[in-house]
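A.B. asks: Show me how the following folds:
(2 chains)
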Amino acid sequence: MAKKYVYQKSERGVSDFVYVDLLPELKRARQFNMNVIIAGTIAVVATYFFIFVPFRLATEEFEEVNGHNNDLAHRLVLKQEERVLHEINLDIIHFEQDINQLHGLNIDLNEYIDQINNYTDERDGEVIEVVYNVENETLLVRVIMINDQYFTQLRNDFLAFEWVYSVSPSDQEDYGSIYQVVQFTLDLEVPEDVE
Amino acid sequence: MLNRKASNYIFYGMLVAIALIVFLIRSVMLGNVTSRIEEVKNSSRLLQNQIDLVDVIVAENRDIQENHLYELYNSVPEEYDDDILVNYIYAQLEIIGVTAAGVIDREIDIKLPEDITFSSDSVYRDLQDDFDVYEVQVYFNTEDLVQIEALIDIIHNSEQVFIVSFVKYNEPDGVNLIGVEIHFLAFYAK
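C.D. replies: Numbers count the residues shown, from 1 in each chain, chains lettered A, B, ... in the order given. Model prediction:
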């Protein structure tokens, strides 16, 4: 857009002089410079609020956390010295813990077998074989009965034991002319303090 | 010279570039500091746990004397001795009435640690890292269920820790001799 123009009438009236400035470069140049200044200002402000302030806060937090960490490290050193002062041997403590774990694994097998015998007697049956395997955590019992209707009830009795995880009965086998035999495999619960 | 439209585009482009650069720098710088803060916090938690643990250890063990170790060796002996173990088992068999006299058979076999393998998911596999585990295999015949129960009880209640690992028997009828197989694990300090 033209910014200025000059109109001059000649002295002798032969010709007129007209000057029209059609190139408003100065305005465009000023506009561009203003944009640069605005952009620069935005850059500075954004840097302050989005980088400098959060970074300063984070650095302060880091210093605080790091100081606390150093305090804890020092307290641990003091505690270790206290332990050494009392002549406490960690190897003995670990050894004792390992032994306690062994005690936890030492189940009373007779108690289990007694319970099985008692419930089998109540169902008019008799245990004829017992096989226990600690690694498989199974107790296998073979039971003989006249009245085979009790097998299901006996399985439920076994399942009710708190030390039994599951019971898998085998198919019934004939034993002589009137007896029936079933083999129950009891999966045992692992003691809680060992798991 | 640039026209107005081009200069506006450059201006907007600069704003976008400034925003990108600012957030890039922010994410890098703050990311570093934040990750360091997290590391230090985790380290502090670990230290606090260790302090608590040492506190508990000191509180529980400050009065325990060094000779406590010898009491522990009663449960798990320091060294394996074949004679002591075998004689102990024969003595227990004698006590329950499984004697060498008469028609009673009895046998004791001991499996050494290197001959014993447990499955990978077995808790006893882990125990082999802490102890030398021997398996004592006892075989005898009897007509009396009480003798079987008595031996299992002795193993269970022994001062030295034994764990019954395998039992197999047919219920005795009180008249005929039946074979009984009882294995148990004996543990020794490494």
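
A.B. asks: Name the residues that touch the helix or strand of chain B with the lowest mean pLDDT?
C.D. replies: Comparing every helix and strand of chain B by mean pLDDT, DSSP states H and E singles out helix B:68-75 as the least confident one, with a mean of 86. Here helix B:68-75 makes contact (Cβ atoms under 8 Å, 6 or more residues apart in numbering or on different chains) with A:N89, A:I92, A:F95, A:E96, A:I99, A:L102, A:H103, B:E159, B:Q160, B:V161, B:A189. Where you see a C-beta, it was placed from the backbone N, CA and C, and this is true even at glycine.

A.B. asks: 6 Å instead?
C.D. replies: Applying Cβ atoms under 6 Å, 6 or more residues apart in numbering or on different chains, the external contacts of helix B:68-75 come out as A:I92, A:F95, A:E96, A:I99, B:E159, B:V161.

A.B. asks: need the longest helix for chain A.
C.D. replies: When chain A is scanned for its longest helix (criterion: DSSP state H), the result is helix A:53-85.

A.B. asks: So what's the gap between the longest helix along chain B and the chain middle?
C.D. replies: With DSSP H setting the assignment, residue counts place helix B:4-61 as the longest helix in chain B. Here the centre of helix B:4-61 is set off from its chain's centre by 40 Å, with Cα atoms, centre = their mean, to the nearest Å.

A.B. asks: How is A:D187 assigned, secondary-structure-wise?
C.D. replies: Following DSSP: H, G, I helix; E, B strand; the rest coil, A:D187 is assigned to strand.

A.B. asks: I figured it hits A:S166, correct?
C.D. replies: Yes: look at A:D187 against A:S166 with Cβ atoms under 6 Å: they come within range, at 4.6 Å.

A.B. asks: pLDDT score assigned to A:Y7?
C.D. replies: Note on A:Y7: pLDDT of 66.

A.B. asks: circling back to that earlier point, list just the nearest of the contacts of helix B:68-75 to A:E129.
C.D. replies: A:E129 lies nearest to B:V161 out of these, by Cβ to Cβ, at 28.2 Å.

A.B. asks: Can you give the strand pairings for the helix or strand A:S166 falls within, parallel or anti for each?
C.D. replies: When secondary structure is defined by DSSP states H and E, A:S166 falls within strand A:164-169. Partner strands and pairing direction for strand A:164-169 (DSSP bridges) are strand A:179-188 (antiparallel).

A.B. asks: Can you list the buried residues in the strand it pairs with?
C.D. replies: Buried residues in strand A:179-188, counting neighbours by 16 or more other Cβ atoms under 10 Å in any protein chain shown, are found at A:Q180, A:V181, A:V182, A:Q183, A:F184, A:T185, A:L186, A:L188.

A.B. asks: Could you do stretch A:73-80 as well?
C.D. replies: Along stretch A:73-80, the positions that meet the burial threshold by neighbour count (16+ other Cβ under 10 Å) are A:R75, A:L76, A:K79.

A.B. asks: So among those, where is pLDDT lowest?
C.D. replies: Least confident of the buried residues of stretch A:73-80 in the model: A:K79, at 91.

A.B. asks: Tell me if I'm right that that one and B:L53 touch.
C.D. replies: No: A:K79 is not in contact with B:L53 according to Cβ under 6 Å; the separation is 9.1 Å.

A.B. asks: any idea how chain A splits into domains?
C.D. replies: Chain A breaks down into these domains under automatic domain parsing: A:1-88, A:107-188.

A.B. asks: An error on my part: the question was meant for chain B.
C.D. replies: Taken from automatic domain parsing, chain B resolves into B:1-64, B:74-189.

A.B. asks: ranking those by burial, who's on top?
C.D. replies: Between the domains of chain B, domain B:74-189 has the highest mean count of neighbours, a mean of 16, where neighbours are mean count of other Cβ atoms under 10 Å in any protein chain shown.

A.B. asks: Distance from that domain to the middle of the chain?
C.D. replies: Relative to where its chain is centred, domain B:74-189 has its mean C-alpha point 21 Å off (Cα atoms, centre = their mean).

A.B. asks: any idea which helix or strand carries A:V18?
C.D. replies: strand A:16-21.

A.B. asks: brain fart, B:I155
C.D. replies: helix B:145-157.

A.B. asks: Would you mind writing the CA trace of that helix as CSV?
C.D. replies: Taking only C-alpha atoms (Å, rounded to 0.1, in the frame of the first residue of the first chain), the coordinates of helix B:145-157 have been written out as CSV:
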residue,chain,number,x,y,z
LEU,B,145,1.6,-101.0,64.3
VAL,B,146,2.7,-99.4,67.6
GLN,B,147,6.4,-100.0,66.7
ILE,B,148,5.9,-98.1,63.4
GLU,B,149,4.2,-95.2,65.1
ALA,B,150,6.8,-95.2,67.8
LEU,B,151,9.7,-94.8,65.3
ILE,B,152,7.9,-92.1,63.5
ASP,B,153,7.3,-90.3,66.8
ILE,B,154,11.0,-90.6,67.8
ILE,B,155,12.1,-89.2,64.4
HIS,B,156,9.6,-86.3,64.7
ASN,B,157,10.5,-85.4,68.3
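
A.B. asks: quick one: contacts of it?
C.D. replies: Contacting residues not belonging to helix B:145-157 are listed as A:108-110, B:92, B:96-98, B:162, B:164, B:169, B:172, B:180, B:184 [Cβ under 6 Å, 6+ apart].

A.B. asks: Same check on stretch B:101-119?
C.D. replies: Residues external to stretch B:101-119 that are found in contact with it (Cβ under 6 Å, 6+ apart): A:135, B:86, B:89, B:93, B:98, B:124-125, B:132-141.

A.B. asks: Give me the below-cutoff pLDDT ranges for chain B.
C.D. replies: Where chain B drops to pLDDT under 70, the residues are B:1-2, B:65-66, B:102-103.
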